[in-house]
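>>> Everything below, folded, please.
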Amino acid sequence: MGRRQSGLTLIEALVLLALIGILVAVASLALRPLQSPVDTATALLEGFLRQARLNAIASTSACRVSPGASNRLVAATASSCSATTWSAVSSMNLTLPTGVSMSPSSWVVCFSSRGVSGNNVIVTLQHPSNGSRKVEVLVGGTTRVLP
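Below is the predicted model of the structure:
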């Protein structure tokens with residue numbers, strides 16, 4: 001008589017791997033709310049500024065970003081950064097996560113049609129229980145998170 005070998009068949013191993021994958025995915029989604037609101041706001045701010053810069057380049061017009069409130073950003077376009085009349089871009093606005101605020105409360109970043117910012121701006125994002133982060137917009141138009 002043949003000796004019966006113990007172990008898993010290929011199908012059993014694949015089913016087991018699929019179940020482990022599903023459990024890991026569910027666990028990672030459940031832990032997502034534990035991320036810091038300041039980290040989320042930092043990523044959102046950087047993404048919004050990049051979007052504004054790309055909008056200026058794509059439309060060959062200036063795009064200005066400024067706070068609409070202590071937790072909200074708005075964008076507007078004009079023919080150049082020195083224009084006196086600006087048109088709001090209704091599709092471009094950002095509300096930061098609950099509890100996160102920006103300082104200073106009045107600043108402006110204007111990206112020219114070539115995507116260049118006219119000035120350096122440092123924005124501090126703050127949350128009462130999660131600390132703060134600083135995001136700098138460089139003259140060249142890129143952003144970086146300061147330590």
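
>>> And the helices in the protein?
Secondary structure of the chain by DSSP state H: the helices cover 10-31, 37-59.

>>> Output the contacting helices and strands for the last one.
Based on contacts counted as 3 or more C-beta pairs under 8 Å, 6 or more residues apart in numbering; DSSP states H and E, the elements that helix 37-59 packs against are strand 62-69, strand 72-78, strand 87-95, strand 109-111, strand 121-127, strand 131-137, strand 143-146. All C-beta atoms are positioned from the backbone trio N, CA, C, and that covers glycine.

>>> what bits of this protein have low per-residue confidence?
Residues of the chain meeting the criterion pLDDT under 70: 1-3, 30-34.

>>> Distance of the residue sitting nearest the centre point of it relative to residue 60?
With distances taken as C-alpha atoms, centre = their mean, the residue of the chain nearest its centroid is residue 44 (2.2 Å). Distance, residue 44 to residue 60, by C-beta to C-beta, to the nearest Å: 26 Å.

>>> Residue 19 too?
53 Å.

>>> what's the answer for residue 69, then?
30 Å.

>>> Also residue 54?
Relative to residue 60, residue 54 is positioned 12 Å away (C-beta to C-beta).

>>> Ok, residue 139 next?
20 Å.

>>> for residue 114, same thing?
Applying C-beta to C-beta, the value for residue 114 to residue 60 is 9 Å.
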